[in-house]
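1. need coordinates for the following:
(one chain, ligands or ions: 2)
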Amino acid sequence: MIVCQGLTKTFGSLRAVDNLNLTVYAGELFGFLGPNGAGKTTSIKMMTGLLRPSAGTALIGGYDIQSQPLRAKTVFGYIPDNPFLYEKLTGREFLNFMADLYSVTAHNRSQKISDLLRLFELEEKGNELIQGYSRGMRQKIALAGALIHQPKVIFLDEPTVGLDPKSARLMKDILRKLCNEGTTVFVSTHILEIAERMCDRFAIINRGKIIAIGTMAELREHAASDTKSLEDIFLELTGGDEDRDLIQYLG
Ligand SMILES: Nc1ncnc2c1ncn2[C@@H]1O[C@H](COP(=O)(O)OP(=O)(O)OP(=O)(O)O)[C@@H](O)[C@H]1O
Ligand SMILES: [Mg+2]
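-> Numbering: from 1, shown residues only. Ligands and ions are numbered 1, 2, ... in the order given. The predicted model follows:
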């Protein structure tokens with residue numbers, strides 16, 4: 001469903017994403033992990049057509065995002081790390097606007113919108129202006145908007161930031177449900193505990209390069225351990241353990 005080949009982005013002398021090769025299959029919940037500045041957002045922006053790659057290609061649902069951008073964009077939904085929302089629309093109006101944007105037919109539209117509001121526990125807020133929404137409510141209405149055209153692939157950049165435990169669980173359950181229905185979910189996150197429980201497969205990116213890819217069992221095999229958590233493996237691979245020396249040094 002997602003195939004990246006040699007995807008590369010340079011900013012001046014910085015190789016923010018360096019020769020990314022990745023295949024994500026239909027119905028997979030794929031976790032894209034990496035420290036701050038590793039290149040996650042840059043990769044997702046290239047896959048979704050917001051940034052032109054310096055080299056390489058990304059196919060979404062079989063369509064090349066560079067040469068067939070409109071076709072590719074009918075296949076996926078995207079929720080950026082900082083979603084832009086129209087403050088002066090109500091939640092319901094926003095979902096209607098997204099439905100227009102993605103040419104969702106009038107048939108069943110209001111039902112779909114009501115279903116999404118209910119799914120995200122936003123029914124009571126549906127007729128209020130988005131400017132009055134809390135951060136978590138904004139995350140949820142943004143995801144609802146990205147689902148209105150029933151995309152085959154969803155990209156989420158840090159979806160659980162700002163969510164309370166109940167909303168984070170709700171988000172996790174919704175993503176799992178979508179995958180079970182055959183949707184491919186590509187999610188970048190720093191919350192490794194949630195990722196470990198939620199995702200089928202992971203890629204860890206560091207300084208623009210993928211340094212590990214696989215299921216939890218495969219990552220453990222790679223780390224020669226049956227018990228290590230995703231956090232342990234992540235810190236080992238990305239050098240986060242060095243910070244412990246600093247903490248000891250600071251006393
Ligand atoms: N428009 C830009 N111009 C110059 N450098 C950029 C630009 N966008 C990103 N970078 C650089 O590319 C690198 C990767 O950034 P990116 O935003 O992809 O990281 P990230 O993995 O999403 O990090 P975070 O976890 O903090 O969101 C960083 O060094 C960043 O400073
Ligand atoms: Mg980012």
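2. who are the contact partners of I79?
-> Residues in contact with I79 (CB atoms under 8 Å, 6 or more residues apart in numbering) are 139, 142-143, 146, 154-157, 159. Backbone N, C-alpha and C define where each C-beta goes, glycine included.
3. ok, what's across the strand from it?
-> The partner list for I79 in beta bridges (DSSP bridges) reads L156.
4. so how far is ligand 1 from D100?
-> As for D100, its distance to ligand 1 is 30 Å (criterion: CB to the nearest ligand atom, to the nearest Å).
5. and that residue, how far from ligand 2?
-> 29 Å (CB to the ion, to the nearest Å).
6. now do L20
-> In terms of CB to the ion, L20 sits 15 Å off from ligand 2.
7. just checking: what are the partner strands of the helix or strand harbouring that residue?
-> Assigned by DSSP states H and E, L20 belongs to strand 14-24. In the sheet containing strand 14-24, its partner strands are strand 2-11 (antiparallel), by DSSP bridges.
8. next, see if the strand holding L20 gets close to ligand 1.
-> Yes. Strand 14-24 reaches ligand 1 (CB under 6 Å from any ligand atom) through 14, 16.
9. next SSE after that strand?
-> Following strand 14-24 toward the C-terminus (DSSP H and E): strand 29-33.
10. packing partners for that following strand?
-> helix 40-47, helix 165-180, strand 184-188, helix 192-198, strand 201-206 (3 or more CB pairs under 8 Å, 6 or more residues apart in numbering; DSSP states H and E).
11. okay, these in a markdown table with mean neighbour count, distance to ligand 1 and mean pLDDT next?
-> Shown next, in a markdown table, are those (neighbours: other CB atoms under 10 Å; distance: least, CB to the nearest ligand atom, whole Å; pLDDT from 0 to 100):
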| stretch | mean neighbour count | distance to ligand 1 | mean pLDDT |
| --- | --- | --- | --- |
| helix 40-47 | 24 | 3 | 97 |
| helix 165-180 | 16 | 17 | 89 |
| strand 184-188 | 25 | 7 | 96 |
| helix 192-198 | 17 | 13 | 89 |
| strand 201-206 | 21 | 7 | 95 |
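12. re the thing from before, tell me the buried residues in the strand holding L20?
-> Across strand 14-24, burial judged by 16 or more other CB atoms under 10 Å covers 15-18, 20, 22, 24.
13. which one of those is nearest to ligand 1?
-> Of all the buried residues of strand 14-24, ligand 1 sits closest to A16, with 3.3 Å by CB to the nearest ligand atom.
14. who's in contact with that closest one?
-> 9-10, 39, 42, 208.
15. what about the residue of the stretch 101-250 of the chain found nearest ligand 2, distance to I141?
-> When scored by CB to the ion, the stretch 101-250 of the chain has D157 as its residue closest to ligand 2, at 5.9 Å. D157 sits 16 Å away from I141, taking CB to CB, to the nearest Å as the criterion.
16. list, one by one, the residues from the protein near ligand 2.
-> The chain comes close to ligand 2 at residues 40-41, as judged by CB under 5 Å from the ion.
17. give me that answer again for 8 Å
-> 36, 40-42, 44, 81, 157-158, 188 (CB under 8 Å from the ion).
18. from those residues, which two are the most distant?
-> The distance between the two most remote of those (CB to CB) is 14.8 Å, for N36 and I44.
19. pLDDT at F234, what is it?
-> Per-residue pLDDT puts F234 at 91.
20. pretty sure it is in a strand, no?
-> No. Counting by DSSP: H, G, I helix; E, B strand; the rest coil, one finds F234 to be helix, located in no strand.
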